[in-house]
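Engineer: just to be clear, the model below is a prediction. Sequence and coordinates:
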Amino acid sequence: MNIILLGPPGAGKGTQAARLEADRGMIQLSTGDMLRAAVAAGTPVGLKAKAVMEAGELVSDAIVPALIGERLDAIGSAGAIFDGFPRTRAQAEALDLLLSERGRKLDRVIELEVDEDALVERITGRFSCAVCGAPYHDRFKRPAVDGTCDVCGSHEFKRRPDDNEETVRTRLAEYRAKTAPILPYYEERGLVSRVDGMAPVDEVAEAIEATLDSGH
Ligand code: AP5
Ligand code: MG
């Protein structure tokens with residue numbers, strides 16, 4: 001199965017992709033994670049993307065689909081979870097081509113519906129373990145022992161440079177202007193399912209599982 005998780009910044013795409021990896025053996029393909037890795041490594045792509053990401057704008061359509069193509073080639077026959085991709089109509093068309101070239105097809109697009117007012121709080125409170133990447137939140141998910149990662153015991157944590165209120169507002173505006181308008185492209189093909197992203201994480205995960213099991 002190949003699916004897209006679609007939703008604004010902070011909707012829970014990464015959180016739910018991790019659940020699907022654990023529960024279904026699918027592989028998360030997050031263009032945000034790929035771009036952050038490129039920035040950290042100082043690759044040519046990273047050098048182009050850094051300032052754009054820090055401003056909360058979208059990285060060029062000339063760069064992003066190639067990242068997904070490389071990763072798709074590496075995951076063999078495992079199902080793909082597209083997290084944060086596609087984000088424009090051009091990327092949606094590029095994804096169709098990348099899939100068909102590899103004998104894959106898109107099975108479902110899951111739109112996580114969320115209340116925008118909650119997103120700023122979700123994102124500005126987010127942090128993660130600097131060693132293993134385990135996700136935390138100032139209010140919703142603190143480590144059991146303050147300052148110690150529950151998973152690996154590390155004492156180092158990090159925050160994303162684009163997780164501040166001003167940048168979140170730009171990211172939301174980019175989502176509304178460029179990404180939400182691709183929904184009709186998938187609705188025409190009967191591929192879109194809507195899930196309430198404001199429910200607790202476990203309930204969102206159950207709703208996604210039910211959608212994938214029933215195929216609608
Ligand atoms: P990207 O990394 O994709 O960021 P994003 O879309 O802004 O989404 P986030 O990762 O912030 O949110 P999420 O939906 O994954 O939520 P999460 O699960 O973490 O992109 C970053 C940048 O890279 C872009 O701005 C752009 O510049 C560039 N980029 C990436 N892809 C691109 C592309 N295709 N084209 C062009 N440019 C691209 O959850 C958020 C928080 O909420 C967490 O703290 C979590 O614990 C909490 N939470 C999650 N679910 C719940 C729940 N149900 N209840 C309560 N809290 C919850
Ligand atoms: Mg994410």
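Structural biologist: Nice, I can see it. Fair warning: this is a prediction, and the values are worked out from it, not measured in the lab. Ligands and ions are numbered 1, 2, ... in the order given.

Engineer: quick test: name the residue nearest the centre of this structure.
Structural biologist: Asp83 (3.3 Å; Cα atoms, centre = their mean).

Engineer: who's in contact with the closest residue to that one other than its chain neighbours?
Structural biologist: If the residues on either side of it in the chain are set aside, Asp83 comes closest to Ser30, at 4.1 Å by Cβ to Cβ, 6 or more residues apart in numbering. No exception for glycine: its C-beta is placed from N, CA and C like everyone else's. By Cβ atoms under 8 Å, 6 or more residues apart in numbering, the contact list for Ser30 reads Lys13, Gly14, Ala17, Asp83, Gly84, Phe85.

Engineer: how about the residues of this structure near ligand 1?
Structural biologist: Residues of the chain lying close to ligand 1 (Cβ under 6 Å from any ligand atom) are 7, 9-15, 31-32, 35, 52-53, 56-59, 64, 84-85, 87, 91, 122-123, 126, 135, 137, 140-141, 162, 171, 200-201, 204.

Engineer: contacting residues for the residue lying closest to Ala78 once chain neighbours are set aside?
Structural biologist: Leaving out its chain neighbours, the residue that sits closest to Ala78 by Cβ to Cβ, 6+ apart is Ile27, at 4.8 Å. By Cβ under 8 Å, 6+ apart, the residues touching Ile27 are Glu21, Ile75, Ala78, Gly79, Ala80, Ile81.
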